[in-house]
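> Here is a sequence together with a model predicted from it:
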Amino acid sequence: MRHTDESPAVAEALGLLRDKGERVTAARRAVLQVLDDASGHLCAEDIVTRVDEAEPGVHRATVYRSLQSLAELGIVAHTHVPGSATIYHLRHSAAARTGHAHLQCTTCQGFFDIPIEWLGPIGDRVRTQLGFELDAQHAALLGTCAECRAADPAAH
């Protein structure tokens with residue numbers, strides 16, 4: 001992987017790593033680049049496969065450790081998906097700069113990204129009423145998409 005081809009999002013993420021006193025390793029750089037290049041939601045196995053293509057020789061355990069540390073540092077976001085693998089995305093990419101939440105259809109398992117701001121009123125209410133700080137990016141909200149509801153009118 002050529003470091004001169006880094007996108008602004010990857011360069012920003014690497015800068016955050018350095019600011020936090022963390023090492024910039026080939027594995028971390030490759031994970032960040034894979035996440036930035038992704039057009040959809042990637043699970044750890046998808047990331048391992050793509051890192052291996054881009055940076056042969058990076059062990060799968062190293063990719064998993066990199067994902068964990070990047071998530072702990074707040075550079076990568078992970079979302080728990082009921083009945084499926086956790087998905088990851090680059091928190092500091094241009095597409096995710098303001099953050100997004102995930103909806104998952106329990107019928108077709110389809111995923112939908114929504115602006116995190118849409119959940120602001122809910123977050124405000126649980127903070128005011130319960131003193132609870134909602135992390136809406138951390139788990140997918142479940143429901144039934146319009147196509148599945150239209151296909152099975154008895155489902156609603």
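Received the coordinates, thanks.
> C-alpha from now on. contacts and neighbour counts both.
OK.
> For this protein, which residues score under the pLDDT cut-off?
Low-confidence segments of the chain, defined by pLDDT under 70: 1-4, 92-99, 155-156.
> Outside of stretch 67-86 itself, list whatever touches it.
Here stretch 67-86 makes contact (C-alpha atoms under 8 Å, 6 or more residues apart in numbering) with 13, 16, 28, 31, 43-44, 87-92, 102, 137-140.
> Could you list the buried residues of that stretch?
For stretch 67-86, burial by neighbour count (16 or more other C-alpha atoms under 10 Å) applies to L67, L70, A71, G74, I75, V76, A77, H78, T79, H80, V81, T86.
> Just the contacts of stretch 67-86: which are in helices?
Taking DSSP state H as the definition of helices, those contribute A13, L16, R28, V31, A44.
> between those residues, which is nearest D52?
V31 (9.9 Å; C-alpha to C-alpha).
> in terms of contact, does the closest one touch V63 like I think?
Yes. Applying C-alpha atoms under 8 Å as the test, V31 and V63 come out as touching, 7.0 Å apart.
> hey, what's in contact with both of those two?
I47, V51.
> who's more crowded, those two?
For V31 versus V63, neighbours defined as other C-alpha atoms under 10 Å are more numerous around V31 (29 against 22).
> how far away is that one from L14?
For V31, the distance to L14 (C-alpha to C-alpha, to the nearest Å) stands at 11 Å.
> pretty sure I116 contacts G123?
No. I116 is not in contact with G123 according to C-alpha under 8 Å; the separation is 10.0 Å.
> Give me the neighbour count for T128.
T128 has 11 nearby residues by other C-alpha under 10 Å.
> which SS class is it?
helix (DSSP: H, G, I helix; E, B strand; the rest coil).
> Could you report the distance from it to L134?
11 Å.
> Then F112?
Relative to L134, and taking C-alpha to C-alpha, F112 is found at 19 Å.
> Would you mind putting the CA coordinates of stretch 106-114 into PDB?
What follows is stretch 106-114, C-alpha atoms only, in PDB (Å, rounded to 0.1, in the frame of the first residue of the first chain):
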ATOM      1  CA  THR A 106     -35.400  -8.200  10.900                       C
ATOM      2  CA  THR A 107     -37.100  -9.800   7.800                       C
ATOM      3  CA  CYS A 108     -34.600  -9.300   5.000                       C
ATOM      4  CA  GLN A 109     -31.600  -8.400   7.200                       C
ATOM      5  CA  GLY A 110     -31.100  -5.200   5.100                       C
ATOM      6  CA  PHE A 111     -29.100  -2.300   6.600                       C
ATOM      7  CA  PHE A 112     -30.000   1.400   6.400                       C
ATOM      8  CA  ASP A 113     -27.900   4.300   7.500                       C
ATOM      9  CA  ILE A 114     -29.600   7.300   9.100                       C
END
